[in-house]
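Student: predicted coordinates and the sequence they were generated for:
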Amino acid sequence: MPLTEALIATLIMAAVTLLTRALPFLFFRRRKQPPLLGFVEEYIPPMVMLILVVYSVKDVKWSSAPYGVPELVALALVAALHLWKRNALLSIFGGTTLYMVVVQTKVAALIFGG
Amino acid sequence: MSDHHSADDEGTARGAPQAEHAGFSRRGTLAFALRTTVPVFLGYTAIGLAFGLLLQRSGYPWYLAPVMSLLIYAGAAQFLAIGMFSGGTGLVSIAIATLLVNSRHMVYGLSMLKRFTGAAKPYLIFSLTDETYAVLTSTRIPPHVDPKRAQLYISALDQSYWVVASTIGALAGAFIPFNTQGLDFALNALFMVLFIEQWKASRSKLPFMVAGACTLLALVVIGPQNMLIASILGSIAILLVVRKGLPGNAAD
């Protein structure tokens, strides 16, 4: 589509995205907040965090080389570092560095012949 | 996320002239927000560069990238938009696709109703991405940091990383001198770290069991594209049913 239409589409996407983010706030602006809200506040973030971990590897191809091994090994390193030192930056730098080395140097391809 | 107080923050923490409330330091709060958002900086840089480069390669001028990143500010939807724009998808279809991709944000807002207040509220709502939500809900705020201001700084820093990276990607993506392949893994790692923090902080492990089962089921049955909202809604529904078994205010 031409640029003008792309700019209009951008405005529409911006409005829809803002709507999805603002909807709970609009809905409970005049209504009394339900007693279940404490439950929602306490337990949704833990569930979402686990779901986001899985979501972040959703596009990994598990059935062909390297079978998601770089992702799983790097995530395991992140978890191990974090359980050991509990320093978020160390855990994230460690895991990301390992992952980048593995995918950029074709280490996985050498091991799995991919 | 960061429970380490570095020496320079401690110096400004108590009785510093720039503190606007007793005990809060504006500089310490900014330092905290910067430190907390480093993983998002890495991930958004990698993904923003790729977005800008792809958008520019599909034939649009470079400035469409910052316009989209400023106004839409939703990674998955923006990547989807590249294909829809260049493929000439109708505006109604674009609106519906955006709604489906971003529907998870409705759930995020639900757990921020009490936390987003004051003058910054509209911006905090607008800028609630996966990553910002994850950081805001999983980070312990140190005592010298102003929690309201930290929320705003974290949200605004995250968007600035995204806008700057997508602009650079559109302007000069082909000339980036270093190989960024795999740098986006910083976001996977961030989610893993925040998950562990949530696990340690949670009084009950039941939500994790429920969410884990729902996620795997959604991934197998529904597939990767719509697994996110399906597993979030499924987990909430099941947890509501079994909430009597949870500690605290869950039973009311």
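Tutor: Nice, I can see it. Values in this document were obtained by computation on a predicted structure and should not be read as measured data.
Student: any chance you could list what contacts whichever helix in chain A runs longest?
Tutor: Looking across chain A with DSSP state H, the single longest helix is helix A:3-27. By CB atoms under 8 Å, 6 or more residues apart in numbering or on different chains, the list of residues contacting helix A:3-27 from outside reads A:1, B:60-61, B:64, B:67-68, B:71-74, B:77-78, B:81, B:84-85, B:91, B:94-95, B:98-99, B:102-106, B:108-110, B:112-113, B:116, B:121, B:125-126, B:128. All C-beta atoms are positioned from the backbone trio N, CA, C, and that covers glycine.
Student: tell me which helix or strand comes right after it.
Tutor: Remark: after helix A:3-27, the chain's next helix or strand is helix A:37-55, criterion DSSP states H and E.
Student: now do the buried residues in the longest helix of chain A.
Tutor: Using 16 or more other CB atoms under 10 Å in any protein chain shown as the test for burial, helix A:3-27 gives A:6-7, A:9-10, A:13-14, A:16-25.
Student: now that helix: how far from the chain's centre is it?
Tutor: The chain centre lies 22 Å from the centre of helix A:3-27; the measure is CA atoms, centre = their mean, to the nearest Å.
Student: buried ones in stretch A:36-51?
Tutor: Buried residues in stretch A:36-51 (16+ other CB under 10 Å): A:37, A:39-51.
Student: let's have the residues you listed in a markdown table, adding distance to chain B.
Tutor: As requested, the buried residues of stretch A:36-51 are exported to a markdown table (distance: CB to the nearest CB, whole Å):
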| residue | distance to chain B |
| --- | --- |
| A:Leu37 | 7 |
| A:Phe39 | 5 |
| A:Val40 | 5 |
| A:Glu41 | 5 |
| A:Glu42 | 7 |
| A:Tyr43 | 5 |
| A:Ile44 | 5 |
| A:Pro45 | 4 |
| A:Pro46 | 4 |
| A:Met47 | 4 |
| A:Val48 | 6 |
| A:Met49 | 4 |
| A:Leu50 | 5 |
| A:Ile51 | 5 |
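Student: residues in contact with the nearest residue to B:Ile222 once chain neighbours are set aside?
Tutor: Spatially, and ignoring its direct neighbours in sequence, B:Ile222 is nearest to B:Ala230 (5.1 Å; CB to CB, 6 or more residues apart in numbering or on different chains). Applying CB under 8 Å, 6+ apart to B:Ala230 gives the contacts B:Cys214, B:Ala218, B:Ile222.
Student: out of these, which are buried?
Tutor: The neighbour count (16+ other CB under 10 Å) marks B:Cys214, B:Ala218 as buried among the contacts of B:Ala230.
Student: looking at the contacts of B:Ala230, which are in helices?
Tutor: Among those, the members falling in helices (DSSP H) are B:Cys214, B:Ala218.
Student: out of the contacts of B:Ala230, which is nearest to B:Ile141?
Tutor: Nearest to B:Ile141, judged by CB to CB, of the contacts of B:Ala230 is B:Cys214 at 29.9 Å.
Student: B:Phe51 contacts B:Ser166, doesn't it?
Tutor: Yes. Using CB atoms under 8 Å, B:Phe51 makes contact with B:Ser166 at a distance of 5.0 Å.
Student: these two: which is more packed in?
Tutor: Neighbour count, other CB atoms under 10 Å in any protein chain shown: between B:Phe51 and B:Ser166, B:Ser166 has more, with 34 against 25.
Student: and the more buried one, how far is that from B:Gly109?
Tutor: For B:Ser166, the distance to B:Gly109 equals 24 Å [CB to CB, to the nearest Å].
Student: tell me the mean pLDDT over stretch A:29-41?
Tutor: The average pLDDT within stretch A:29-41 is 79.
Student: just the endpoints, please. Distance across that stretch?
Tutor: Taking CA to CA, to the nearest Å, the first and last residues of stretch A:29-41 lie 17 Å apart.
Student: what about chain A, any weak spots by pLDDT?
Tutor: Filtered on pLDDT under 70, chain A yields the residue ranges A:113-114.
Student: try it again with 50
Tutor: Regions of chain A meeting the criterion pLDDT under 50 are absent.
Student: for residue 103, what are phi and psi?
Tutor: This is for chain A. Per-residue torsions, A:Val103: phi -80, psi -30 (degrees, to the nearest 10).
Student: to clarify, I was referring to chain B.
Tutor: Phi and psi for B:Ser103, reported as degrees, to the nearest 10, are phi -60, psi -30.
Student: the closest residue to it other than its chain neighbours: which element?
Tutor: Distances taken as CB to CB, 6+ apart put B:Ile229 closest to B:Ser103, at 4.9 Å, once the chain neighbours are dropped. Per DSSP H and E, B:Ile229 falls inside helix B:227-241.
Student: list the buried residues of that helix.
Tutor: By neighbour count with 16+ other CB under 10 Å, helix B:227-241 contains the buried residues B:Met227, B:Leu228, B:Ile229, B:Ala230, B:Ser231, B:Ile232, B:Leu233, B:Gly234, B:Ser235, B:Ile236, B:Ile238, B:Leu239.
Student: ok so, going back, among the contacts of helix A:3-27, which are in helices?
Tutor: Judged by DSSP H, the contacts of helix A:3-27 include B:64, B:67-68, B:71, B:77-78, B:81, B:84-85, B:91, B:94-95, B:98-99, B:102, B:104-106, B:108-110, B:121, B:125-126 as members of helices.
Student: filter these to the buried ones?
Tutor: Among the ones in helices among the contacts of helix A:3-27, the ones that count as buried by 16+ other CB under 10 Å are B:64, B:67-68, B:71, B:77-78, B:81, B:84-85, B:94-95, B:98-99, B:102, B:104-106, B:108-110, B:125-126.
Student: filter these by proximity to chain A?
Tutor: Contacts with chain A are made by B:64, B:67-68, B:71, B:77-78, B:81, B:84-85, B:94-95, B:98-99, B:102, B:104-106, B:108-110, B:125-126 out of these, judged by CB under 8 Å from any CB of the partner chain.
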